[in-house]
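Undergrad: Sequence plus the predicted model coming up.
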Amino acid sequence: MSCEEKNARRRVLSGVSAPRRPWCGAASRDRSRCWGFRGLFFLFSLVLLAAPHTRSARAAQPQSSGGEGYSVVLDGSMADVLRAVEDVVNDGIVHGTYVYEKEKTLTGAVAADSSAHFGQWQGPGKVFYKVFNGAVAPRHFKNSSDIGTISVRYVVQEMKDAKARVLVDAAFVEDARRTAHASDGSVESSELKEITDHLQQIHLAEQQAEEAVQQRNQQEAHEAAQARQREEERARLLAAQTSEQSIEQHVSKLRHELVRLVAGPGTELKSAPFHGAISLEGLKPNTEVVVLIVTPYWYGVETPAGHRGWLRRDQVKPIP
């Protein structure tokens with residue numbers, strides 16, 4: 001029963017007319033209870049009126065650092081991680097969200113040098129931004145229901161032992177009310193997955209390039225070994241040819257020194273170096289004889305038939 005009903009009932013029972021300024025009740029506890037209900041209703045109204053404005057003001061403030069983004073530590077040099085992040089920043093896609101059910105890939109994003117929502121990054125590392133304008137209630141942003149801008153921030157921080165940390169934050173800001181909506185984590189995790197995939201592709205390409213260099217080095221070493229082998233064989237052949245030529249030249253020299261030709265017809269091979277010595281056989285002109293003994297007037301020679309005897313020096317001539 002309300003305070004007014006209680007007062008009206010008391011007036012009817014007591015026969016007293018209604019006062020100009022109605023009271024909640026005669027008893028002090030009734031007045032206290034009435035004012036208590038009114039006070040609670042007044043405070044509750046203030047809370048309802050103030051709460052939406054408080055949330056909007058807090059969401060519109062730029063985030064200069066921190067946030068509810070995701071981070072991951074990647075194995076790779078700072079240069080490789082930066083390259084992977086730049087690939088994702090410039091791929092034109094906001095991963096992990098979409099606008100229309102029939103088109104689950106949100107394309108048309110652009111890389112940016114700064115972000116009005118996130119503000120200037122004050123922490124360590126290198127920062128990148130990707131922005132998509134004109135998104136209509138994008139999925140996986142909490143309570144998004146209007147057209148606005150999606151902003152993604154990437155921070156790359158170098159660590160020890162060839163590692164780097166990548167932090168990703170994503171937010172959707174409505175154009176009209178400037179209300180910011182945080183991602184439920186789908187955008188950050190999807191962007192980090194893309195970065196990880198790109199880094200793996202970079203590492204794979206580097207590994208393949210290194211293997212190609214090793215194969216090329218091995219091929220060049222094999223070809224160089226074959227070239228050396230061919231050169232050594234050529235050198236041995238040349239040496240053999242030179243040696244053969246030297247032997248031939250030596251044989252030719254010896255031949256010229258030791259072989260003589262019978263000069264003319266009627267030449268007799270003598271058994272001793274005397275004119276009156278017995279004739280062993282007659283030799284035809286140009287018969288080759290080998291000089292075995294040399295005296296001032298005679299040659300001790302051997303014929304092609306193996307007969308040995310003597311010829312006067314004027315009976316033979318050098319070979320050509």
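TA: Ah, there it is.

Undergrad: rest of the way, CA atoms for contacts and neighbours
TA: OK.

Undergrad: so which strand or helix has residue 243?
TA: For residue 243, the element it lies in under DSSP states H and E is helix 186-258.

Undergrad: Which strands and helices lie in contact with that helix?
TA: Here helix 186-258 touches strand 70-75, helix 78-89, strand 163-174, strand 288-294, going by 3 or more C-alpha pairs under 8 Å, 6 or more residues apart in numbering; DSSP states H and E.

Undergrad: Out of the ones you listed, which one sits most buried?
TA: The highest mean neighbour count among the helices and strands packed on helix 186-258, using mean count of other C-alpha atoms under 10 Å, belongs to strand 163-174: a mean of 23.

Undergrad: What mean pLDDT does the helix or strand hosting residue 299 get?
TA: Using DSSP H and E, residue 299 maps to strand 298-302. What strand 298-302 shows for mean pLDDT is 95.

Undergrad: try stretch 173-188
TA: Averaging pLDDT along stretch 173-188 gives 92.

Undergrad: Convert the C-alpha atoms of it to PDB, please.
TA: C-alpha atoms of stretch 173-188 as PDB (Å, rounded to 0.1, in the frame of the first residue of the first chain):
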ATOM      1  CA  VAL A 173      34.700   3.500 -34.300                       C
ATOM      2  CA  GLU A 174      31.200   4.700 -35.400                       C
ATOM      3  CA  ASP A 175      31.300   7.800 -37.600                       C
ATOM      4  CA  ALA A 176      28.200   9.500 -36.100                       C
ATOM      5  CA  ARG A 177      28.500   9.000 -32.300                       C
ATOM      6  CA  ARG A 178      32.200   8.300 -32.300                       C
ATOM      7  CA  THR A 179      31.600   5.200 -30.100                       C
ATOM      8  CA  ALA A 180      34.400   2.700 -30.100                       C
ATOM      9  CA  HIS A 181      33.800  -1.000 -30.200                       C
ATOM     10  CA  ALA A 182      36.500  -3.400 -29.300                       C
ATOM     11  CA  SER A 183      37.100  -6.600 -31.100                       C
ATOM     12  CA  ASP A 184      36.200  -9.900 -29.500                       C
ATOM     13  CA  GLY A 185      39.700 -11.200 -30.400                       C
ATOM     14  CA  SER A 186      38.800 -12.600 -33.800                       C
ATOM     15  CA  VAL A 187      40.500  -9.800 -35.700                       C
ATOM     16  CA  GLU A 188      43.700  -9.800 -33.600                       C
END
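
Undergrad: CA atoms only for the strand holding residue 299, dumped as CSV, please.
TA: The C-alpha atoms that make up strand 298-302 are tabulated as CSV, following Å, rounded to 0.1, in the frame of the first residue of the first chain:
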residue,chain,number,x,y,z
TRP,A,298,137.2,-47.2,-91.1
TYR,A,299,133.8,-47.9,-89.5
GLY,A,300,133.0,-51.1,-87.8
VAL,A,301,129.4,-51.7,-88.8
GLU,A,302,126.5,-54.2,-88.6
